[in-house]
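# With the input below, show me the fold.
(chains A, B and C)
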Amino acid sequence: MITVNDVAKLVSGKVLGDGKTPVKGIAPSALAEEGDITFAMSEADLKQAGKSRASCVLTNAEVTDYPKTVLRVEDMKLAMTVLYNAMLEMRPPAKGVVHPTAVIAENASLGKNVSVGPNAVIGEGAQISDNTAISANCVVGKGVKVGQNVCLYPNVTIYDHVIIGDRVTIHSGTVIGADGFGYIPKDGKVYKVPQMGTVVIEDNVEIGANTCIDRGTFKNTVIGKEVKIDNLVQIAHNVEVQNNVFIAGLTGIAGSATIGENTMIGGNVGIADHVIVGKNVKIGAKTGVHGHVRDNEVIFGYPYREAGDAKKLYGLLSLLIKHASKFRKLLRDHPD
Amino acid sequence: MITVNDVAKLVSGKVLGDGKTPVKGIAPSALAEEGDITFAMSEADLKQAGKSRASCVLTNAEVTDYPKTVLRVEDMKLAMTVLYNAMLEMRPPAKGVVHPTAVIAENASLGKNVSVGPNAVIGEGAQISDNTAISANCVVGKGVKVGQNVCLYPNVTIYDHVIIGDRVTIHSGTVIGADGFGYIPKDGKVYKVPQMGTVVIEDNVEIGANTCIDRGTFKNTVIGKEVKIDNLVQIAHNVEVQNNVFIAGLTGIAGSATIGENTMIGGNVGIADHVIVGKNVKIGAKTGVHGHVRDNEVIFGYPYREAGDAKKLYGLLSLLIKHASKFRKLLRDHPD
Amino acid sequence: MITVNDVAKLVSGKVLGDGKTPVKGIAPSALAEEGDITFAMSEADLKQAGKSRASCVLTNAEVTDYPKTVLRVEDMKLAMTVLYNAMLEMRPPAKGVVHPTAVIAENASLGKNVSVGPNAVIGEGAQISDNTAISANCVVGKGVKVGQNVCLYPNVTIYDHVIIGDRVTIHSGTVIGADGFGYIPKDGKVYKVPQMGTVVIEDNVEIGANTCIDRGTFKNTVIGKEVKIDNLVQIAHNVEVQNNVFIAGLTGIAGSATIGENTMIGGNVGIADHVIVGKNVKIGAKTGVHGHVRDNEVIFGYPYREAGDAKKLYGLLSLLIKHASKFRKLLRDHPD
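Sure, this is the predicted structure:
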């Protein structure tokens, strides 16, 4: 158990009131319970927080004569972020409760303190490690390996033999390990390309809601350490996403593409199959990437260009619109 | 119970046959049962409808000597629409049946006539109001508040503390209240931005299938009254969608954007974070909106322009393609 | 039961060792069990495969003195593909096991050898044909008809009255038959367009994960034979997708559009409502299709153009960027 004094050290804050107040959690004032720290960003917030059940209020305002212990900081959002992350690290996602309606194969193995929610299904030979939570209505396939301190939110589907590392969070509706999209039309018949690899998700990955990561064909689809993926993202078979990549919502990465370390991909980007995107690349929203991209590039547009060129083009096209009739005349007047 | 005569008034139709026939529902002829009105748009339809189990046929054709009561109207689709909506209003989504396999927390509260489908899960302290249907395999988190006459189709996930108004419909696979996508890389560590707000969905909203609406960071994500959202839409944390907005499929709205009243957003549009889109704006399909948009604008393109400019540009670029060699010469011949 | 000799004929391979070895399945060496054929594409693979539990190794390498039966082929991927597809055809998706936690309406009918997974829900009057597997946590609505040898992966939702043909595969999270997105604002009220048709999916279709196919308004949404659809695709009400069409991920097809036979649609394409796309059309990734497209066209871009024009335009715009200052001067110098 930590105290307000401990939190004050963590966030470089100043305590007004009883620093020995124990801190169990962090919550907005409407939901706060005894033991929680809540936060107040305005006078109105402060009033509401004062009436809440929270035990301590974190604020950047000057406060005197307040009914609760106050933790004063300079940068409110930074302090909240540091505290929130410290709480995430301290508290495992699981409470060690296996709901009686969960359907768990006899030869599946559950580590210490694993939670399995109502109606969740865990397949034959699956291995779920310590402190991991499989929430309500999740389906975890045969032979799946899930690391420690993993949280699968409700209604997640993990296909057979997928491998998930430690401290991975997967939000609802996400599907890991479905067959990739590959067909070979030949002699009037359509053959399905074998989808016999699996998906490997390394440590500290977070994946949003309703995202899809397909299993590989003959090798694996791999999501590196610390990768963060938003909602409704499509990652096709054999893709390799290296460490520390960020991928925003509604982006699609086609088969066998590689995304280098530390690259940041905006929303609704499309990356063609077999493309190699370098390290430290920044890709603007809605960009269409049809070719390889070197390390450290900043790109934008459809089809993509170096971001400076894309901006310059935008200006030139505005000029073209402005001088439309002159441009038409120019083309007409000039000899062939 | 209403009669064919009542329906005739509603849709300005003329009854041929027994106007006192009671009307229970509306259905295509293949599915119609006794008490249903069915519809016939062609001679073939009329024949099939005549043999169906429906009690009344709505049509715009001239009919004599028909085996069933006929309701004749001028504008068939309008009449059907008016009738369909009247039926939706008359019939609550719920039948008041709680399936024995549903897992409902002891301190959750269910209003009158609430239905809960097989294997649905309702968390601690959730409050479900009168006439609401929670369908099979839905998961409703802790402290969620759901209004009256709400319909959650199967496999919907509602995270903890989300607030849903009256007469809201949410289609299958949709996820409300997952964590937003926010990270702060700092000193070699990646901090997760706190996602401590929730989602508030106001009255009369309809949300399609496999859509995601993320919870707010410190404040709430808000979906206003009468908003209609299609399938596979991504709405990020802190977004405010004002009343009467329409959002077509595969559109993404990034964090903290605001969408003004009555605005219509086409399919696969992207709206950047913190952008303010005005009221009564029309945004064409696939548009990329990277800056604020004033009230009443009509915009299109990536990057977006006023729609007239976007169209003009399209024509100019066609001209450019047509006169490609002349344009190349022009640039070559002109002095630097 | 087939033998290595039978497989050798199928894939034009040469057997080294005991050709009478029975073959039950195909699996990567880490997962292979006795009776499986595994595959080795490199020296390292061959070593691992030699130690695996597989009964036979398929390879394109020269092998002598190997601990297992070897099946040598020229084109490794082709052989694997032919074998994989033969196995898919031989093995029905179902094992004939109905899990006791499945909730099946009394008047639903299950054919021979149907499997129903844990917590799956099958509605009133649904008809599931022989050898079909309804996996864990799927919800199949009232009156749904599902053909033979169909596989619904976990967490699929099929709305009421949808019709699914034979040998259809639907991946997790996909929603078939939700209401289309149609509203008519009229006299200060928003009417919902009736969504009274259904979805008909013909034989040999495969549909990826988290895809949505909406039910029709007054008629049906139809997916033709042999159509292959990727993940996160949106197909709106009344759309007709003809036979042998391929649709890549994150593509949206708006209401009442028609897609002709053999057409191939890249990822993240948008097709406007009521558009008619011809047969044998190829549509590049991220294309925006706002008008009808003739048979055999190859198109690309947003807004779309014939692919040759789109490429030419890309080059011209690169030239424009390169000669930006000259172009500005040109426009300035030319008389109005």
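# alpha carbons only for contacts and neighbour counts from here, please
Noted.
# For stretch A:88-102, which residues meet the burial criterion?
Neighbour counts using 16 or more other CA atoms under 10 Å in any protein chain shown place A:92-94, A:96, A:98-99, A:101-102 of stretch A:88-102 among the buried residues.
# In space, what's closest to A:L16 - neighbours in sequence excluded?
In this structure, A:L16 finds its nearest non-sequential neighbour in A:V70, 5.0 Å apart by CA to CA, 6 or more residues apart in numbering or on different chains.
# Name all residues that make contact with the one you found.
Shown in contact with A:V70 (CA atoms under 8 Å, 6 or more residues apart in numbering or on different chains): A:15-17, A:56-59, A:63.
# picking up where we left off before, of all the buried residues of stretch A:88-102, which comes closest to C:N204?
The closest of the buried residues of stretch A:88-102 to C:N204 turns out to be A:A102 (CA to CA; 33.5 Å).
# Now do the closest one against C:P118, distance only.
9 Å (CA to CA, to the nearest Å).
# same question, A:K24
37 Å.
# need the contact list for the residue of the stretch 151-300 of chain A found nearest chain B.
Closest contact between the stretch 151-300 of chain A and chain B, by CA to the nearest CA, is at A:D230 (5.8 Å). Contacts for A:D230 were tallied using CA under 8 Å, 6+ apart; they are A:207-209, A:211, A:247-250, B:180-181.
# can you rerun that using 10 Å?
By CA atoms under 10 Å, 6 or more residues apart in numbering or on different chains, the contact set of A:D230 is A:171, A:206-211, A:246-251, A:266-267, B:179-182, B:234, B:236.
# Which of those fall within strands?
Mapping the contacts of A:D230 onto strands (DSSP state E) picks out A:206-207, A:246-247, B:234.
# ok, of the residues you listed, which come out buried?
Of the members of these, the ones counted as buried by neighbours, 16+ other CA under 10 Å, are A:206-207, A:246-247, B:234.
# picking up where we left off before, overlap in contacts, A:A102 and C:P118.
In contact with both A:A102 and C:P118: A:119-122, C:101, using CA under 10 Å, 6+ apart.
# so which of the residues you listed are also by chain B?
A:119-120, C:101 (CA under 10 Å from any CA of the partner chain).
# export the residues you listed to TSV and tack on distance to A:S256?
Below are these laid out as TSV (distance: CA to CA, whole Å):
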residue	distance to A:S256
A:N119	35
A:A120	32
C:T101	39
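# Backbone dihedrals for A:T258, both of them.
phi -120, psi 130 (degrees, to the nearest 10).
# wait, isn't it in contact with A:H274?
Yes - A:T258 is within contact range of A:H274, at 7.2 Å (criterion: CA atoms under 10 Å).
# What average pLDDT does stretch A:24-42 get?
With pLDDT averaged residue by residue, stretch A:24-42 scores 93.
# Please see if that stretch touches chain B.
Yes - for a cut-off given as CA under 10 Å from any CA, stretch A:24-42 has contacts with chain B, namely A:26-28, A:31, A:39-41.
# Then stretch A:176-194?
No - counting by CA under 10 Å from any CA, chain B is not contacted by stretch A:176-194; separation bottoms out at 15.2 Å.
# can you pull the alpha-carbon coordinates of stretch A:264-271 into CSV?
Output in CSV follows, covering the C-alpha atoms of stretch A:264-271 (Å, rounded to 0.1, in the frame of the first residue of the first chain):
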residue,chain,number,x,y,z
MET,A,264,4.9,6.2,-36.4
ILE,A,265,1.9,5.6,-38.7
GLY,A,266,-1.0,7.9,-38.8
GLY,A,267,-4.7,7.0,-39.2
ASN,A,268,-6.2,5.4,-42.3
VAL,A,269,-2.8,4.8,-43.9
GLY,A,270,-2.4,2.0,-46.4
ILE,A,271,0.9,0.1,-46.9
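# Let's test this: mean pLDDT of it, rounded?
For stretch A:264-271, mean pLDDT rounds to 98.
# same check, this time on stretch A:117-137
Mean predicted confidence for stretch A:117-137 is 98.
# And stretch A:326-336, by the same measure?
Computed over stretch A:326-336, the average pLDDT equals 86.
# got the buried residues for it?
In stretch A:326-336, counting by 16+ other CA under 10 Å, buried: A:326-327, A:330-331.
# what about it, near chain C?
Yes - counting by CA under 10 Å from any CA, chain C has neighbours in stretch A:326-336: A:326-327, A:329-330.
# Assumed A:K329 was part of a helix.
Yes - under DSSP: H, G, I helix; E, B strand; the rest coil, A:K329 sits within a helix.
# No further questions, thank you.
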